[in-house]
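[1] would you be able to build a 3D model of this:
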Amino acid sequence: MGETGAFLRMNRKEAGYRPVEERVRDYAPVEVNLPYGELEAQAARCMNCGTPFCHSSGCPVVNLIPDFNELIYHGRWNEALDILLATNNFPEFTGRVCPAPCEAACVLAINREPVSIRNIELAIIEHAYENGMMRPFRPAQRYSESVAVIGSGPSGLAVADTLNKDGYNVTVFDKDRRPGGILRYGIPDFKLEKRVIDRRIALMKEEGVVFEMGVTVGEDVSFKFLKDRYDAICLSGGARQPRDLPAPGRDLAGIHFAMDFLKCQNLLNEGAEAPVEKRISAEGKSVIVIGGGDTGADCVGTAIRQKARRVLQFEIMPKPPGVRPESTPWPRWPNILRESSSHKEGCERRWSVSTKEFIGDAGRLKALDCVEVECGRDESGRLRFKEKPGSEFTVEAELVLLAMGFVGPGKNRLADDLGIERDSRGNIKVDPRYMTSVPGIFAAGDMSRGQSLVVRAIADGRRAAGNIAAYLRRNG
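    Here you go, the predicted model:
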């Protein structure tokens, strides 16, 4: 598999990014692509592993990574596409936004740079689009049963795409104006340009999926309406309830949830009209992003493009080590320091920082009172943070973006009206078949599993679709 010993002779080659001074002036993709010929050479680094951990341990959708690497090495792009699409509905999404746990689980990652799996995956699907291979797939047989999917994010799209290809009639409902969920409204264009989503949605429509946008289920349409028309329903609305920071001064103007900030800019980028007074702008301001994850990094990059005067990112957890620690051994996802393209554009990062109070003047945010903390665990194993005496400090801020993750799906009219059970974290509770406590209603993605990766939402949607199909066969 691959070229014998190529991983010994050839180093990993990164695609890289556009120059910082160029990319911060627009919202175009920051990552550049390696030529197809160079990716064929990179695929040669894939070894003939007895157990391919990239596939069995690292990849949530269980991509057949060694198989498509082998095909790409030999220039057999069409066959590689078939292998990739057999396990992943949307490699054009994961190839752009996935943190690539498969690469962390690559056997080469034990003591060398892993195979460029994500870049190869993205190249396969883009090569297919460029060469007319992504043609509409219409199932040979259409069943009479129909399914309503509520939510058009990655899990909902995966449910819809999988069931539609199986021959079921699928309608996707979403309260937003255009489909995509977090892909469209939460992830910045410089990581995932929206033409990529539009291209896929257009293909799904040609294949028979119906999209009903601007519809709030439970308000605009009732459960009775859906039950009378659909044989199964899948809830896939995502984790929409952001974690708040209830410190004194939280009600000051200038404090926003990260997703509100990102959605505002994404809407502006697609030409949507928004009143000036409702826009969240970082221009000329000292901006503090609270939260050290990917969403926080997206806020950093967006604030820089909006011409913020200064951008800081605070994280309450301690600074991760630069190399894989013993606590997360291979092939697990390593707890190491990561620097996104946004961080490289100009951002001050601080760890072990807790915000004690928001300080304002005339109702508007002016500064934050913060303190350094030490992280530990109590007797039950739960994380606890202890303030370090004498470490208090105040920092100027006119805009704070809360990017501390999500605590669950929040209120859902349909789920609440039907009394659908929730778990201890407030997520929609499902059984091993992805069915909720109400027969015929399923749930998938972050709405039931909690906040996670786009690729895990897709995997969840695929599995939910398989169980919905089994339910329809039993009850048809």
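[2] Glu374 contacts Pro389, doesn't it?
    No - here Glu374 lies out of contact with Pro389, judged by C-beta atoms under 8 Å, at a distance of 10.5 Å. Quick note: C-beta positions are derived from backbone N, CA and C, even for glycine.
[3] of these two, who's got more company?
    Glu374 (12 against 8; other C-beta atoms under 10 Å).
[4] the more buried one: what secondary structure?
    strand (DSSP: H, G, I helix; E, B strand; the rest coil).
[5] excluding chain neighbours, what is closest to it?
    Spatially, and ignoring its direct neighbours in sequence, Glu374 is nearest to Lys386 (4.9 Å; C-beta to C-beta, 6 or more residues apart in numbering).
[6] centroid-wise, who is the farthest residue in the protein?
    Residue distances from the centre of the chain (C-alpha atoms, centre = their mean) peak at Gly390, which lies 38.5 Å from the mean C-alpha position.
[7] and that one, which of the three is it?
    When the structure is split into helix, strand and coil by three-state DSSP, Gly390 lands in coil.
[8] Glu219: neighbour count?
    As a burial measure, the neighbour count of Glu219 was computed by other C-beta under 10 Å and equals 10.
[9] list the contacts for the residue lying closest to Arg377 once chain neighbours are set aside?
    Taking C-beta to C-beta, 6+ apart as the measure, Arg377 lies nearest to Leu383, with 6.0 Å between them; neighbours along the chain are not counted. Leu383 makes contact with 375-377 under the criterion C-beta atoms under 8 Å, 6 or more residues apart in numbering.
[10] torsion angles phi and psi at Leu383?
    Comment: the main-chain dihedrals of Leu383 come out as phi -70, psi 140, following degrees, to the nearest 10.
[11] re earlier: so which of the contacts of Leu383 is the most crowded?
    Across the contacts of Leu383, neighbour numbers were computed from other C-beta under 10 Å; Cys375 holds the maximum, 13 neighbours.
[12] does Met447 touch Pro409 like I think?
    Yes - checked against C-beta under 8 Å, the pair Met447 and Pro409 is within contact range at 4.6 Å.
[13] got any residues that touch both of the two?
    In contact with both Met447 and Pro409: 237-239, 427-428, using C-beta under 8 Å, 6+ apart.
[14] now, which of those sits nearest Pro439?
    Ile428 (14.5 Å; C-beta to C-beta).
[15] next up, the contacts around that closest one.
    Shown here is Ile428, whose contacts under the criterion C-beta under 8 Å, 6+ apart are 235, 409, 412, 415, 420-422, 436, 443, 447-448.
[16] now a PyMOL select for only the buried ones of those residues.
    In PyMOL, this line selects whichever of these come out buried by 16 or more other C-beta atoms under 10 Å:
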select buried, resi 235+409+412+415+420+422+436+443+447+448
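[17] show me which of the contacts of Ile428 is closest to Ile110.
    Nearest to Ile110, judged by C-beta to C-beta, of those is Ser448 at 34.4 Å.
[18] surely that closest one is in a helix?
    Yes - with three-state DSSP as the criterion, Ser448 is located in a helix.
[19] show the backbone phi and psi for Leu235.
    As for Leu235, its main-chain torsions (degrees, to the nearest 10) stand at phi -90, psi 120.
[20] any low-confidence regions in the stretch 251-400 of the chain?
    Flagging of the stretch 251-400 of the chain using pLDDT under 70 yields the residue ranges 274-277.
[21] what are the ranges of the helices in it?
    Listed in chain order, the helices found in the stretch 251-400 of the chain under DSSP state H, counting those that start in this stretch are 258-269, 294-305.
[22] just those helices: most buried one?
    Using mean count of other C-beta atoms under 10 Å, the stretch among the helices of the stretch 251-400 of the chain with the greatest mean number of neighbours is helix 294-305 (a mean of 25).
[23] a markdown table for the contacts of Ile428, including distance to Asp82, secondary structure and pLDDT?
    Formatted as a markdown table, the contacts of Ile428 follow (distance: C-beta to C-beta, whole Å; DSSP: H, G, I helix; E, B strand; the rest coil; pLDDT from 0 to 100):
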| residue | distance to Asp82 | secondary structure | pLDDT |
| --- | --- | --- | --- |
| Leu235 | 32 | strand | 97 |
| Pro409 | 35 | coil | 92 |
| Asn412 | 38 | coil | 88 |
| Ala415 | 38 | helix | 90 |
| Ile420 | 38 | coil | 95 |
| Glu421 | 40 | coil | 96 |
| Arg422 | 40 | strand | 95 |
| Thr436 | 34 | coil | 97 |
| Ala443 | 31 | strand | 97 |
| Met447 | 31 | helix | 95 |
| Ser448 | 31 | helix | 95 |
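[24] now, among the contacts of Ile428, which is nearest to Arg243?
    For those, the closest approach to Arg243 (C-beta to C-beta) belongs to Pro409, at 13.2 Å.
[25] contacting residues for the closest one?
    Pro409 sits in contact with 237-241, 415, 426-428, 446-447, where contact means C-beta under 8 Å, 6+ apart.
[26] min pLDDT across those residues, which one?
    Looking at pLDDT alone, the contacts of Pro409 dip lowest at Arg240, where the score is 87.
[27] what about it, distance to His55?
    32 Å (C-beta to C-beta, to the nearest Å).
[28] isn't there a helix covering Glu21?
    Yes - if the criterion is three-state DSSP, then Glu21 is within a helix.
[29] switch to numbering from 50
    Okay, using 50 as the starting number, the last item reads as Glu70.
[30] okay, now it: neighbour count?
    Residue crowding around Glu70 was assessed by other C-beta under 10 Å; the count is 8.
[31] ok, it - contacts?
    For Glu70, the contact set (C-beta under 8 Å, 6+ apart) is empty.
[32] quick one: Gly475 and Gly457 touch, right?
    Yes - the pair Gly475 / Gly457 is scored as a contact, 3.6 Å apart, by C-beta under 8 Å.
[33] okay, the two: which has more neighbours?
    It is Gly457, of Gly475 and Gly457, that has more neighbours when counted by other C-beta under 10 Å, with 22 against 15.
[34] run through the bridge partners of the more buried one.
    Beta-bridge pairing of Gly457 under DSSP bridges involves Gln290.
[35] same list (the helices of the stretch 300-449 of the chain) but as a markdown table, adding distance to Ile199.
    Conversion of the helices of the stretch 300-449 of the chain to a markdown table gives the following (distance: least, C-beta to C-beta, whole Å):
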| stretch | distance to Ile199 |
| --- | --- |
| helix 307-318 | 19 |
| helix 343-354 | 23 |
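[36] of all the ones you listed, which lies closest to Pro109?
    Closest to Pro109 of these is helix 343-354 (C-beta to C-beta; 15.7 Å).
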